[in-house]
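# based on what follows, work out the 3D shape:
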Amino acid sequence: MLASAVPFHLNGLVIQPGERVLTRLVISKLPSGTVIDVPVHVLRSTEPGPTLLLMAGMHGDEVNGIETIRRLVRRDLLMPLRGSVIAVPILNIYGFLNFSRDVPDGKDVNRSFPGFPRGSLAGRVAHRFMREIMPLIDYGIDFHTGGATRANFPQVRCQLGVDPLVDGMAAAFAAPFTIHAALRLGSLREAAQGLGKRIIVYETGESMRLDEPGIEEALAGTLRVMHHLGMGPAAPVPSRPGIVCRRHTWLRARFAGLFRALVVNGEYIKKGQIYGSVADPYGQQSVRLESPLSGYVIGLNHMPVVNQGDALVHIAVPE
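I've put the predicted structure just below:
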């Protein structure tokens, strides 16, 4: 029997088909005694179907996914025709309050799954999610943003060619780029796959900056996935065909200095093309940077001051 045809038991509540509920998972308290809880929207159809997770704010400074889910909720776009939607706008409330990727103990929630009830703060957040929400879902979209100063062009990341259902979700989302990404130890995707749940990751923009085009892509892609899963009506048609890339790599700084990019996100560059320069700050020397391969720019470092080894440009090679 499909999960959406039976009651959901979540956070001490019994949520029946046809109900729409906002509940809050209490995680812990700040040293001040302030309670930290995670709001969770549950929207259920009376018709049985799959359960789709929409989650953002795994890293507290990644605001584009938070804004995406906020708009979906605000515009009342998530009530499914069949099945259920569970939407978590911000998982890492600690990081959100502190403009930080991590929780206060310095650990990354997305390297802490499946978590431990008496472990680190990140492990406790992961454990509560795995206990309360993971058993209810069938599919998921995990919204992320590039790291500090590094902007990602809108892209879906997943393991391609392993699970046809994951491939189908990625194709339905129809982001400008679909990138093959191996599972990472301790990640939500790894924990989900071990339980037979299918989750794709959507990335756009950079931390603490709203990326309007990327948010619009996320809204349309989410609605397309819901339609693909039989949960929603017809969704917006992509404005252009997506590009699938199984190979991708960061080009890194060989020298420290001031970095100036000569390419933009989404641009196709050729092998040997000058993509930027690194100069010393005293006007003595400037080194032009040549791309060692052809491909699309899917990530770009906007930090002008770089050290040796810093990631500068993320190149994806189309199939």
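# give me the contacts around the longest helix anywhere in the chain.
In the chain, assigned by DSSP state H, the helix with the most residues is helix 212-228. Helix 212-228 has contacts (Cβ atoms under 8 Å, 6 or more residues apart in numbering) with 52, 54, 64-65, 67-68, 71-72, 77, 80, 85, 139, 141, 143, 152-154, 156, 168-169, 172-176, 202, 204-205, 232-236, 238. Heads up, the C-betas are built off the backbone N, CA and C, glycines and all.
# which helix or strand contains residue 316?
strand 311-318 (DSSP states H and E).
# report the buried residues of that strand.
In terms of neighbour count (16 or more other Cβ atoms under 10 Å), strand 311-318 has its buried residues at 311-316.
# now swap in stretch 133-152 and tell me
133-134, 136-147, 149-152.
# ok, now stretch 166-176?
166-167, 169-176.
# ok, stretch 236-251 next?
Buried residues in stretch 236-251, counted by 16+ other Cβ under 10 Å: 238, 242-245, 248, 251.
# tell me the domain ranges of the protein?
3-228, 247-318 (automatic domain parsing).
# pick the most deeply packed of those domains.
By mean neighbour count, with neighbours taken as mean count of other Cβ atoms under 10 Å, domain 3-228 ranks first of these at a mean of 19.
# quickly find the element holding residue 58.
Per DSSP H and E: nothing holds residue 58, as it lies in no helix or strand.
# now do the contacts for the nearest residue to residue 189 once chain neighbours are set aside.
Residue nearest to residue 189 in three dimensions, not counting chain neighbours: residue 199, with 5.1 Å by Cβ to Cβ, 6 or more residues apart in numbering. Residues in contact with residue 199 (Cβ under 8 Å, 6+ apart) are 53, 139-142, 158, 188-189, 192-193.
# for residue 116, see how far away residue 285 is.
51 Å (Cβ to Cβ, to the nearest Å).
# then residue 305?
39 Å.
# residue 219 now?
Distance from residue 219 to residue 116, by Cβ to Cβ: 35 Å.
# on that earlier part again, helices - which of the contacts of helix 212-228 land there?
Per DSSP H, those map to helices at 64-65, 67-68, 71-72, 168-169, 172-173.
# thanks again, I'm all set now.
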